[in-house]
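Peer 1: Model the structure of this input:
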Amino acid sequence: MFNKHIFKLLLQKAIGDNTITDFAKICNVNRTYLSKYINEKLDNAPSPEILRNIAKHAKEVTYKELMIAAGYLTPDDIIDDAVDNIKATLSSNPDLIDFWDKLTQRKDLHELFIETKEMNPAEIKQIIRIIKAMKKKEE
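Peer 2: Numbering: from 1, shown residues only. Take a look at the predicted model:
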């Protein structure tokens, strides 16, 4: 479901220090159209194509964040993508895969899954090793 308020906040963050007019030109979107979203006057989300244009030129806002606010994706979709990315990265190490499978069952670690979505394979492996070391230290 389209969340007008969250979308407004993301759009404002995307615009950053630009004026609405300048940002609209950069994104090839009508200034009035963006203004209506900022003022929460529109009840339907922009198309994924428009969201992609906004994200392409946004400051600190991702396409996926915009897609969630627009109602095209859910946070669970993002988590699933992140989990798949991590599993692919760890596929060469069975011990890490087993450990990761256990971690994915924990609901309190979903934030970790979201945060790893933009990491490269080496960074993901390092995070898993750190978690594993911390676990061993606790035992």
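Peer 1: which helices and strands does whichever strand or helix holds K87 pack with?
Peer 2: Under the criterion of DSSP states H and E, K87 resides in helix 75-90. On a contact count with 3 or more Cβ pairs under 8 Å, 6 or more residues apart in numbering; DSSP states H and E, helix 75-90 meets helix 63-70, helix 94-104, helix 110-115, helix 121-138. Heads up, the C-betas are built off the backbone N, CA and C, glycines and all.
Peer 1: and of the ones you listed, who's closest to K36?
Peer 2: Proximity to K36 (Cβ to Cβ) singles out helix 63-70 among the helices and strands packed on helix 75-90, at 14.4 Å.
Peer 1: how much does that closest one deviate in direction from helix 75-90?
Peer 2: Here helix 63-70 points in a direction 160 degrees away from that of helix 75-90 (axes from the mean of the first three to the mean of the last three Cα atoms, to 10 degrees).
Peer 1: Centre of the chain to helix 63-70, how far?
Peer 2: 7 Å (Cα atoms, centre = their mean, to the nearest Å).
Peer 1: Please enumerate residues in contact with it?
Peer 2: 2-3, 6-7, 10, 14, 45-46, 48, 51-52, 54-56, 58, 73-75, 77-78, 117 (Cβ atoms under 8 Å, 6 or more residues apart in numbering).
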